[in-house]
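Novice: A structural model of the following input is requested.
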Amino acid sequence: MAQQIQRIHRFRSRAAAGFTLAEMIVTLLIFSIVALGILAMFDMNGRIARVEGRVTDMQQALRAGQQDMVRMVRMTARGGLPLMLFKDTPPGFPGKELPAGLAIEVANNVAAGTQIANKPEAPVVQGTDVITVRGVFSTLYQNNPAGAGLTLTDANNDGVPESGSLLLSNTSPTGVPQNLQTVADAIDTTQAGQPEAYLLVSPLEDAIFAVVEVDPTSTYLKTGGVVTQATVRFKASGSARSDLFKLISPGGSFPKAMTTVAYSGVLEEYKYYIRDPGPLQGKIQANKANLLEPTLVRARLYPGTNIPYKNDAANLHEEIADDVFDLQATLGIDLNGDELIAEGTDTATRKADEWLYNEVGDDTTAATWNGTAATPRKLSYVRITTLARTAGADPQPQWQAPVLARFEDKDYQTSPFSEFNTTVQRRYRRQFLQSVVDLRNLS
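Specialist: Predicted structure coming up:
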């Protein structure tokens, strides 16, 4: 009995003694390995989440930017504005020929220091394109060409009116309701000291049109909160702004053949470009990872001028998408009239095809892009390419994005654009998006 009690006592003593040192070390080692594995998994998941979040933001920026540009480019020339105006008609008239056309123009791979409207608030990233579109993007009004809605004043009796007025009704000649609020807003803006541009199109043909300045004496009638009638008085020449507007009219003056109006509307102009917010405005930010933060923006100006809309510089840089660092525009022009736009497959054939600015070295004088006044060329498509990068570098220090080569007529292998292929810049994930826009108003 005494021996049994002694064995129970020894058993209880060993149980009360706890874990041995060896057991504790093994336990801690196993726990450390499991904990480190869990931490590594969380770290990896965190990195993946950061990368995916940045990539998602980048893709959304590309989609948002393209959506806005594609919508406006597709609407270019709305209201009857032609693609181009041929120069020297009459002699000395500068015209608006491609790529600096009337309805749409492209400033290709701009030089360092380029500014929209020559304003320091709107610097453009060197080597990117600027796309300008013009048209009646709001309400287009129908007028009765057989009526007496248009009145012209020719004080000089030279057949070229200096001013006039146009009567608009909220019911079109075909009985369709017309919302006159847009023209009422244009009259209000003009009366506030910022005269709007107005497009008048002849019923004879779209080539007979005029861009005039809304006169502050214009009026409109409102009944029950609805604009029922508007009288748009306008200046065709004789003022600083109307003299600028008439330069984007055929021949640089009010057409003598325009005695009635079929369509009219407020004419607008927008420019899309990459704004450089860095201290070295207009220049590539070499190896400065935190400075390359350009933005795709839209500027609104009075058509054919360098005047910001409402004289407000803030209208020169309406932000559309962050971290978009390049914009390239390519024009598909039917040179042979076969309704097809041919594109080459290598450097030599791309320089001789029907796409302008799709190859390094493309020259606006290398082909007859505009044709003649008798046989003008048709601009069928605009191809828009945007490149974006993530807002932050990849969390893996060794990760490198693929080297940028050629995008349309821009070569990233040459200076200063080769800075985008440095080790620092390649730590950012990059992506491009391309859209081909069918110009429905120029068909």
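
Novice: burial count for the nearest residue to residue 417 once chain neighbours are set aside?
Specialist: Using CB to CB, 6 or more residues apart in numbering and skipping residues adjacent in sequence, the residue nearest residue 417 is residue 127, 5.6 Å away. (Glycine included, C-beta is placed from N, CA and C.) Residue 127: 25 surrounding residues under other CB atoms under 10 Å.

Novice: contact partners for residue 127?
Specialist: When contacts are counted by CB atoms under 8 Å, 6 or more residues apart in numbering, residue 127 touches 109-110, 284, 326, 410, 416-417.

Novice: please pick the buried ones from those residues.
Specialist: Buried subset of the contacts of residue 127 (neighbour count, 16 or more other CB atoms under 10 Å): 109-110, 284, 326, 410, 417.

Novice: now the strands: where do they sit in the stretch 101-250 of the chain?
Specialist: Under the criterion DSSP state E, counting those that start in this stretch, strands of the stretch 101-250 of the chain are mapped to 104-107, 130-135, 141-142, 150-153, 163-169, 197-201, 209-214, 219-223, 226-235.

Novice: residue 267 is nearest to which of those strands?
Specialist: Closest of the strands of the stretch 101-250 of the chain to residue 267 is strand 197-201, at 4.3 Å (criterion: CB to CB).

Novice: before we move on, back to that, check the buried ones among the contacts of residue 127 for the minimum pLDDT and say which it is.
Specialist: Note: of the buried ones among the contacts of residue 127, the lowest pLDDT belongs to residue 284, at 47.

Novice: distance to residue 247 and secondary structure for the contacts of residue 127 - can I get that in TSV?
Specialist: Below are the contacts of residue 127 laid out as TSV (distance: CB to CB, whole Å; DSSP: H, G, I helix; E, B strand; the rest coil):
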residue	distance to residue 247	secondary structure
109	26	coil
110	22	coil
284	34	coil
326	31	strand
410	31	strand
416	35	coil
417	35	helix
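
Novice: gap between residue 318 and residue 64?
Specialist: Between residue 318 and residue 64 the distance, using CB to CB, to the nearest Å, works out to 13 Å.

Novice: about what we covered before: quick one: which of the strands of the stretch 101-250 of the chain is nearest residue 438?
Specialist: Of all the strands of the stretch 101-250 of the chain, strand 104-107 comes closest under CB to CB, at 13.0 Å.

Novice: now what about the closest one, what contacts it?
Specialist: 73, 76-77, 83, 96, 98-100, 114, 129-134, 329, 331, 357, 379, 382, 439.

Novice: kindly recompute the last result at 7 Å.
Specialist: 76, 99, 129-133, 329, 331, 357, 382 (CB atoms under 7 Å, 6 or more residues apart in numbering).

Novice: before we move on, what about stretch 354-366?
Specialist: For stretch 354-366, the external contacting residues (CB under 7 Å, 6+ apart) are 99, 106, 108, 329-335, 341-343, 347, 350-351, 369, 406, 408-409, 411.

Novice: okay, and the nearest residue to residue 59 once chain neighbours are set aside sits in which element?
Specialist: Leaving aside its sequence neighbours, residue 59 sits nearest to residue 431 (CB to CB, 6+ apart; 6.5 Å). Remark: residue 431 resides in strand 430-438, with elements defined by DSSP states H and E.

Novice: so for that strand, what's the average pLDDT?
Specialist: Rounded mean pLDDT across strand 430-438 is 94.

Novice: quick revisit: going by distance to residue 395, which of the contacts of strand 104-107 wins?
Specialist: Set against residue 395, the nearest of the contacts of strand 104-107 by CB to CB is residue 129 (32.8 Å).

Novice: pLDDT score assigned to the nearest residue to that closest one once chain neighbours are set aside?
Specialist: With sequence-adjacent residues excluded and distances taken as CB to CB, 6+ apart, residue 129 is closest to residue 329, at 4.7 Å. On the pLDDT scale, residue 329 is placed at 97.

Novice: what is the burial count for residue 329?
Specialist: By the criterion of other CB under 10 Å, residue 329 has 27 neighbours.

Novice: touching, it and residue 382? I think so.
Specialist: Yes. Taking contacts as CB atoms under 7 Å, residue 329 lies within contact range of residue 382: 6.2 Å.

Novice: could you tell me how many residues sit around the closest residue to residue 268 other than its chain neighbours?
Specialist: Ranked by CB to CB, 6+ apart and with sequence neighbours excluded, the top spatial neighbour of residue 268 is residue 137, at 5.1 Å. Other residues lying near residue 137 total 20 when counted by other CB under 10 Å.

Novice: need the buried ones from the contacts of stretch 354-366 selected in PyMOL.
Specialist: Here is the PyMOL command that selects the buried residues among these (16+ other CB under 10 Å):
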select buried, resi 99+106+108+329+330+331+332+333+334+335+341+350+351+369+408+409+411
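
Novice: just how off-centre is stretch 364-379 within its chain?
Specialist: Mean C-alpha position of stretch 364-379 versus that of the full chain (CA atoms, centre = their mean, to the nearest Å) differs by 25 Å.

Novice: flag every buried residue along it.
Specialist: 364, 367, 369-371, 376-379.

Novice: ok, back up a step: which residues sit against the strand holding residue 431?
Specialist: Outside strand 430-438, the residues that touch it by CB under 7 Å, 6+ apart are 58-59, 62, 66, 70, 73-74, 381-389, 401, 407.
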